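>>> give me a 3D structure for the following:
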Amino acid sequence: MPIAPYVNARLDPETRRLAGIAFEITCAALKLTARDECIKSLIASKIIELARAGEIDPDRLCERTLIHLRRG
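Numbers count the residues shown, from 1 in each chain. Purely as a prediction, here's the structure:
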């Protein structure tokens, strides 16, 4: 489940790679399917927002994204 279709921001290749890993981890944690496009888009947006702010650790990106989703 690559993040590329959801990325419209300029990210350097390494940040894009790490954001992609975080995206895959988060989607797996939530057991998303191909039909869950809306939530995947929200996840990608949050991960990209956090990555652009300087957070590039995939585990922390996932954790912070899950916290954000739980808060609504």
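>>> going forward, measure contacts between C-alpha atoms and count neighbours the same way
Will do.
>>> which residues sit in contact with the closest residue to residue 25 other than its chain neighbours?
Take residue 25 and drop its neighbours on the chain: the residue closest to it by Cα to Cα, 6 or more residues apart in numbering is residue 62, 6.6 Å away. Listed by Cα atoms under 8 Å, 6 or more residues apart in numbering, the contact partners of residue 62 are 22, 23, 25, 26, 47.
>>> what's the burial count for the residue nearest to the first one when sequence neighbours are not counted?
Read that as residue 22. Residue nearest to residue 22 in three dimensions, not counting chain neighbours: residue 58, with 4.3 Å by Cα to Cα, 6+ apart. A count of nearby residues for residue 58, using other Cα atoms under 10 Å, gives 22.
>>> next one: residue 21
Around residue 21 there are 20 residues (other Cα under 10 Å).
>>> excluding its backbone neighbours, what's nearest it?
With sequence-adjacent residues excluded and distances taken as Cα to Cα, 6+ apart, residue 21 is closest to residue 58, at 6.0 Å.
>>> wait, what's in contact with the one you found?
Residues near residue 58 by Cα under 8 Å, 6+ apart: 18, 19, 21, 22, 25.
>>> now for the helix or strand containing the last one, which elements pack on it?
Same thing as residue 25. For residue 25, the host element (DSSP states H and E) is helix 13-29. On a contact count with 3 or more Cα pairs under 8 Å, 6 or more residues apart in numbering; DSSP states H and E, helix 13-29 meets helix 37-52, helix 58-71.
>>> and those: which comes nearest residue 3?
Nearest to residue 3, of all those, is helix 37-52, at 6.5 Å by Cα to Cα.
>>> quick one: that closest one to helix 58-71, angle?
130 degrees (axes from the mean of the first three to the mean of the last three Cα atoms, to 10 degrees).
>>> quick one: residues in contact with helix 37-52.
Taking contacts as Cα under 8 Å, 6+ apart, the residues outside helix 37-52 that touch it are 3, 6-7, 9, 11, 15, 19, 22-23, 26-27, 32, 56, 61-62, 65.
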